[in-house]
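Novice: This is the structure alone, sequence omitted:
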């Protein structure tokens, strides 16, 4: 994987494969939205997978919001010279993908969201805990998944360190407020980009009714469910996620 990691200008990103770019947008905590399955599979199917590091904790606080992150993604697409892309986002990444698609629809051939914020008020607040002791954080991290074993020691440590880092905590709360402010309910009916919604049946962070609402409000969407699955479907059930996404891409001729 390391040889696929690039740094150019202000951008750091993973890139593999050739073909239509699938740009992957991660959530607040990298470890909680791991796209290794996607990064390994889609380059073998004629797609280029690109995972930019989003400046979630590195931008000025005034640029720490959904709108500024969407602009960052647009600038990255321009920098790379891509004509049309497929955006794939989990959690906050899904919200950034939605907002980007609203603002720059001509750049987006297709949008894929999984466990996305953007409609559900408490999606961010509840899942990203305030400071707390290690056991509390462990429980919160485990709640992200249907199978708590997916929350490895490394993931729990990552979340614990983030919420106990004062600057990161302030930025996390700033982003959570921004996610609530940028509620997409009124925008979705006007967004005609083909959208694939893949959701865990057991998502506790953005419950299944959120996916139903996205599907109802978006005029050109398809909704797929994954059983025994929490908030990060591409991580918990990578093979099933890839199968559904490939099926949708082929059906949508993307």
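Specialist: Thanks, I have it. On a predicted model such as this, the values are computed, not experimentally measured, just so you know. Residues are numbered from 1 along each chain as shown.

Novice: Give the burial count for residue 201, as a bare number.
Specialist: Number of residues near residue 201 (other Cβ atoms under 10 Å) recorded here: 15. (C-beta placed from N, C-alpha, C; glycine too.)

Novice: With the one 5 residues further on instead?
Specialist: Using other Cβ under 10 Å, residue 206 has 29 neighbouring residues.

Novice: Do you know the pLDDT at it?
Specialist: At residue 206, the model reports a pLDDT of 93.

Novice: Helix or strand: which one has it?
Specialist: Using DSSP states H and E, residue 206 sits in no helix or strand.

Novice: Could you report the distance from it to residue 15?
Specialist: 29 Å (Cβ to Cβ, to the nearest Å).

Novice: Over to residue 113?
Specialist: Counting by Cβ to Cβ - residue 113 and residue 15 are separated by 22 Å.

Novice: So the two - more neighbours on which side?
Specialist: Ranked by neighbour count (other Cβ under 10 Å), residue 113 and residue 15 place residue 113 first, with 29 against 16.

Novice: secondary structure class for the more buried one?
Specialist: strand (DSSP: H, G, I helix; E, B strand; the rest coil).

Novice: Report pLDDT for the nearest residue to it once chain neighbours are set aside.
Specialist: Leaving aside its chain neighbours, residue 113 sits nearest to residue 94 (3.8 Å; criterion: Cβ to Cβ, 6 or more residues apart in numbering). Predicted confidence (pLDDT) at residue 94: the value is 97.

Novice: Validate this expectation: residue 94 resides in a strand.
Specialist: No - read with three-state DSSP, residue 94 is helix and lies in no strand.

Novice: Now do the contacts for it.
Specialist: 25, 113-118 (Cβ atoms under 8 Å, 6 or more residues apart in numbering).

Novice: Now rank these by neighbours and give me the top one.
Specialist: Most surrounded of the contacts of residue 94: other Cβ under 10 Å gives residue 117, at 35 neighbours.

Novice: State the pLDDT value of that residue.
Specialist: Looking at residue 117, the pLDDT reads 92.

Novice: Phi first, then psi, for it.
Specialist: phi -80, psi 180 (degrees, to the nearest 10).

Novice: I'd say it and residue 178 touch.
Specialist: No - between residue 117 and residue 178 there is no contact under Cβ atoms under 8 Å: 10.0 Å.

Novice: ok, which stretches of this structure are strands?
Specialist: 5-8, 11-16, 20-25, 47-52, 85-90, 108-114, 195-200, 221-226 (DSSP state E).

Novice: how about low-confidence regions in this protein?
Specialist: Within the chain, the stretches with pLDDT under 70 are 1-2, 121-131.

Novice: quick one, what contacts residue 196?
Specialist: Contact partners of residue 196, counting by Cβ under 8 Å, 6+ apart, are 110-113, 221-222, 224, 244-245, 248-249, 252.
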